[in-house]
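Undergrad: With the input below, show me the fold.
(one chain, ligands or ions: 2)
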Amino acid sequence: MGKTSVIIMVLTLTVNNAYNYYEEINMNTMNWWQSSVIYQIYPRSFMDSNNDGIGDLRGITSRLDYISTLGIDAIWLSPVYKSPQDDNGYDISDYMDIDPMFGTMKDMIELISKAKERGISIIMDLVLNHTSDEHPWFKEAKKSKENPYHDYYVWVDGEEGAVPNQLKACFGGSAWEWVSELQQYYLHLFSVRQPDLNWENPKVRNEIYNMINWWIDKGVRGFRLDVIDLIGKEPLKGITSNGPHLHDYIREMTSRTWGQKKLLTVGETWGASPENAKIFSCMDGSEFSMVFQFEHISLDQQEGKEKWDLAPIDFIRLKEVLSKWQIELENDGWNSLFWNNHDLPRIVSRWGDDKEYREESAKMLATIIHGMKGTPYIYQGEELGMTNVQYDISDYKDIETLNLYKERIDAGYSKDEIMESIFAKGRDNARTPMQWDTSEYSGFSKKEPWIKVNPNYPMINAKEQISRESSVYNYYIELIALRKKHKVIRFGSYKLLLPKHDKLFAYQRSYEDILLTVICNLTRDYVDATKDLIKNYQLLLCNYSEIKDEIRLRPYEARVYINAK
Ligand code: GLC
Ligand code: CA
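TA: Ligands and ions are numbered 1, 2, ... in the order given. Predicted coordinates:
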């Protein structure tokens with residue numbers, strides 16, 4: 001091989017590397033993560049390489065080709081740090097080590113480098129609001145009020161049995177836990193085993209920044225920041241999210257860590273409004289790349305109540321909310337686009353139809369999100385149209401679900417009522433093992449997994465879908481490819497069409513002289529669109545194999561048109 005061909009080969013390799021490629025084409029306006037599609041992995045449920053029934057890092061590495069074929073640019077990895085697993089890894093006892101259950105640091109480095117070979121970045125999950133009660137900081141902190149680590153956590157003097165205030169923990173009960181040796185309460189906004197860190201202490205902040213930089217040096221390309229809008233809390237005043245110093249802390253963290261490094265950072269902010277999301281995702285890079293907002297996700301619960309208190313979804317409201325975020329963040333800010341994650345039920349069971357029209361509705365819901373402006377996130381199994389489960393209470397593993405069950409039984413709810421809520425909203429819906437093929441335990445493991453496999457795996461699995469052109473999986477490939485191909489999807493402005501229509505979700509994107517129209521039927525009814533919606537545009541994508549009637553949309557039909565030029 002001559003020198004020139006070697007150079008050409010190197011160039012081709014670089015061009016194939018996804019993020020370099022995007023940096024190149026969007027140099028003037030875009031960051032790589034604005035053109036990217038992210039895939040979330042919940043490691044314990046993705047792929048088990050050593051057949052102990054729990055997914056692990058080597059399992060993920062073994063499936064990188066599957067992810068790469070989808071067209072993914074980055075993987076957001078739920079926590080793999082050392083942890084007693086009280087909340088499946090969201091309770092960290094060592095931020096700078098890997099839990100043996102998931103493998104070793106060597107496996108992690110291998111995953112980072114094998115992913116990079118495929119142009120895929122690794123985004124780590126940072127849980128900075130709290131640690132595990134087994135973190136050495138907390139073990140020290142509990143020893144005495146004089147201990148140098150005492151002030152790493154949030155303590156209040158008091159008397160046993162008289163909690164400082166009525167603040168509740170997200171997983172039930174009081175947010176205050178009594179430690180009799182110290183005659184103090186500590187704060188835990190989640191489980192008793194997840195004590196909250198004291199962000200007012202500069203030593204805590206320093207330790208965290210050093211740890212983040214250590215991970216950046218290992219080659220990770222970004223972070224998802226768990227419940228980050230809670231770190232500025234003032235618990236004695238009853239303030240949890242969006243506390244007065246929140247943005248100061250985030251700006252300090254950014255400037256001391258990823259600030260100049262072009263990483264993808266996404267904050268989990270349940271309490272975000274478009275106003276503060278614009279600050280979080282401000283384009284000057286002083287905070288995060290974007291946040292996860294949950295306004296659309298909270299639409300099927302009774303107002304002022306908990307997520308378990310179910311209410312039917314109002315599609316007009318859903319359209320309003322998603323459109324509001326598109327428009328508000330259009331120029332100053334950036335949206336994340338998602339239906340699912342490890343805390344949410346499967347979208348096809350939630351707002352689609354997981355029986356007769358499972359494939360059509362899964363594709364339709366995907367089309368809504370993937371046609372919008374922002375960075376789309378796909379949660380493992382979503383690309384197969386995986387569904388919710390209905391198990392006996394003894395088969396559930398999630399601390400939130402188990403606590404809820406006890407709490408509501410004590411409060412006098414009927415078992416059926418509670419199970420109905422768990423079937424609809426329980427987090428284990430998203431945490432059942434990935435469905436790879438029809439072999440026992442769905443090809444996830446050869447040993448009985450830590451949580452039961454969804455019994456529908458012989459019908460819904462990756463192997464079958466890869467080989468069938470009309471599958472949900474292959475439709476996701478098309479959607480992702482469309483985003484990469486059409487600037488109008490990445491940069492175009494957004495306009496909601498037919499705002500008062502309660503069955504069709506239609507919107508238009510425009511960029512320079514290009515118009516893209518997305519029309520989705522949210523229901524199982526046949527619904528007529530209008531001629532002017534379609535004009536003589538060219539059809540780019542449809543979730544049915546052919547269009548028979550231009551005007552009439554079939555159940556859960558989705559179409560994407562572009563103006564013919
Ligand atoms: C976030 C995580 C969730 C976890 C909680 C406490 O909401 O996504 O899984 O239980 O924070 O860390
Ligand atoms: Ca394993």
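Undergrad: From now on I want contacts and neighbour counts done on CA atoms only, so please keep to that.
TA: Noted.
Undergrad: And the contacts of stretch 81-96?
TA: Residues from elsewhere that reach stretch 81-96 (CA atoms under 8 Å, 6 or more residues apart in numbering): 78-80, 97-100, 127, 130-136, 191, 193-194, 211, 398-399.
Undergrad: in the stretch 251-400 of the chain, which spans are helices?
TA: With helices called from DSSP state H, counting those that start in this stretch, the stretch 251-400 of the chain shows them at 274-280, 315-328, 347-350, 358-370, 399-410.
Undergrad: Identify, out of those, the most deeply packed stretch.
TA: helix 358-370 (a mean of 25; mean count of other CA atoms under 10 Å).
Undergrad: Restrict it to CA atoms and write it as CSV.
TA: Output of helix 358-370 as CSV, limited to C-alpha atoms (Å, rounded to 0.1, in the frame of the first residue of the first chain):
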residue,chain,number,x,y,z
ARG,A,358,-48.0,-2.8,19.4
GLU,A,359,-45.6,-2.3,16.5
GLU,A,360,-47.6,0.5,14.9
SER,A,361,-48.0,2.4,18.1
ALA,A,362,-44.4,1.9,19.2
LYS,A,363,-43.2,3.3,15.8
MET,A,364,-45.7,6.2,15.9
LEU,A,365,-44.6,7.3,19.4
ALA,A,366,-41.0,7.1,18.3
THR,A,367,-41.8,9.3,15.2
ILE,A,368,-43.3,12.1,17.4
ILE,A,369,-40.1,12.4,19.4
HIS,A,370,-37.5,11.8,16.7
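Undergrad: Figure out the helix or strand that the residue in the chain that ligand 1 sits nearest to lives in.
TA: Going by CA to the nearest ligand atom, ligand 1 is nearest to residue 90 of the chain, at 4.5 Å. Assigned by DSSP states H and E, residue 90 belongs to neither a helix nor a strand.
Undergrad: Phi and psi next, for it.
TA: Phi and psi for residue 90, reported as degrees, to the nearest 10, are phi -80, psi 20.
Undergrad: Report the residue ranges of every domain in the protein.
TA: Listed by automatic domain parsing, the domain ranges of the chain are 3-129+202-481, 136-187, 493-564.
Undergrad: Residue 487: which of those is closest?
TA: Closest of the domains of the chain to residue 487 is domain 493-564, at 7.3 Å (criterion: CA to CA).
Undergrad: pLDDT of that closest one, averaged?
TA: Across domain 493-564, pLDDT averages out at 95.
Undergrad: Tell me the gap between it and the middle of its chain.
TA: 27 Å (CA atoms, centre = their mean, to the nearest Å).
Undergrad: And for stretch 492-505?
TA: On CA atoms, centre = their mean, the centre of stretch 492-505 falls 25 Å from that of its chain.
Undergrad: Output that stretch as PDB, nothing but the C-alphas.
TA: Extracted C-alpha coordinates of stretch 492-505, given in PDB (Å, rounded to 0.1, in the frame of the first residue of the first chain):
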ATOM      1  CA  GLY A 492     -35.500  23.400  11.900                       C
ATOM      2  CA  SER A 493     -38.000  25.600  13.800                       C
ATOM      3  CA  TYR A 494     -41.200  24.000  15.100                       C
ATOM      4  CA  LYS A 495     -44.800  24.700  14.700                       C
ATOM      5  CA  LEU A 496     -47.800  22.700  16.000                       C
ATOM      6  CA  LEU A 497     -50.500  22.000  13.400                       C
ATOM      7  CA  LEU A 498     -54.100  21.200  14.300                       C
ATOM      8  CA  PRO A 499     -53.600  22.200  18.000                       C
ATOM      9  CA  LYS A 500     -57.200  21.300  19.000                       C
ATOM     10  CA  HIS A 501     -57.300  18.000  17.300                       C
ATOM     11  CA  ASP A 502     -57.600  15.300  19.900                       C
ATOM     12  CA  LYS A 503     -56.500  12.400  17.800                       C
ATOM     13  CA  LEU A 504     -53.800  13.700  15.400                       C
ATOM     14  CA  PHE A 505     -50.400  15.000  16.500                       C
END
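Undergrad: Going by neighbour count, which residues in that stretch are buried?
TA: 492, 493, 494, 495, 496, 497, 498, 499, 502, 503, 504, 505 (16 or more other CA atoms under 10 Å).
Undergrad: now what about that stretch, what contacts it?
TA: Applying CA under 8 Å, 6+ apart, the set of residues contacting stretch 492-505 is 315-316, 319-320, 323, 326-327, 330, 368, 372-373, 506-511, 518-523, 527.
Undergrad: change it to 7 Å
TA: If you take CA atoms under 7 Å, 6 or more residues apart in numbering as the criterion, stretch 492-505 is touched by 315-316, 319, 323, 326-327, 506-511, 519-523.
Undergrad: follow-up on the earlier one: redo the buried residues of stretch 492-505 as CSV? Include secondary structure and distance to residue 382.
TA: Listed next are the buried residues of stretch 492-505 as CSV, based on DSSP: H, G, I helix; E, B strand; the rest coil; distance: CA to CA, whole Å:
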residue, secondary structure, distance to residue 382
492, coil, 26
493, strand, 27
494, strand, 25
495, strand, 27
496, strand, 25
497, strand, 27
498, coil, 28
499, coil, 27
502, coil, 25
503, coil, 23
504, strand, 22
505, strand, 20
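Undergrad: Can I take it that residue 517 is in a strand?
TA: Yes - assessed by DSSP: H, G, I helix; E, B strand; the rest coil, residue 517 belongs to a strand.
Undergrad: Number of residues surrounding the nearest residue to it once chain neighbours are set aside?
TA: Distance criterion CA to CA, 6 or more residues apart in numbering; nearest residue to residue 517, sequence neighbours excluded, is residue 508 at 4.5 Å. Other residues within reach of residue 508, judged by other CA atoms under 10 Å, total 22.
Undergrad: ok, now residue 88?
TA: 18.
Undergrad: give me the subset of the buried residues of stretch 492-505 touching ligand 2.
TA: Among the buried residues of stretch 492-505, no residue sits close to ligand 2 (CA under 5 Å from the ion).
Undergrad: Nearest to ligand 2 among these?
TA: residue 505 (42.1 Å; CA to the ion).
Undergrad: partner residues bridging the closest one?
TA: residue 520 (DSSP bridges).
Undergrad: Look up how far residue 349 lies from it.
TA: The gap separating residue 505 from residue 349 is 18 Å, by CA to CA, to the nearest Å.
Undergrad: quick one, phi psi at the nearest residue to residue 184 once chain neighbours are set aside?
TA: Spatial nearest neighbour of residue 184, chain neighbours left out: residue 157 (4.4 Å); criterion: CA to CA, 6+ apart. With angles defined as degrees, to the nearest 10, residue 157 sits at phi -60, psi 150.
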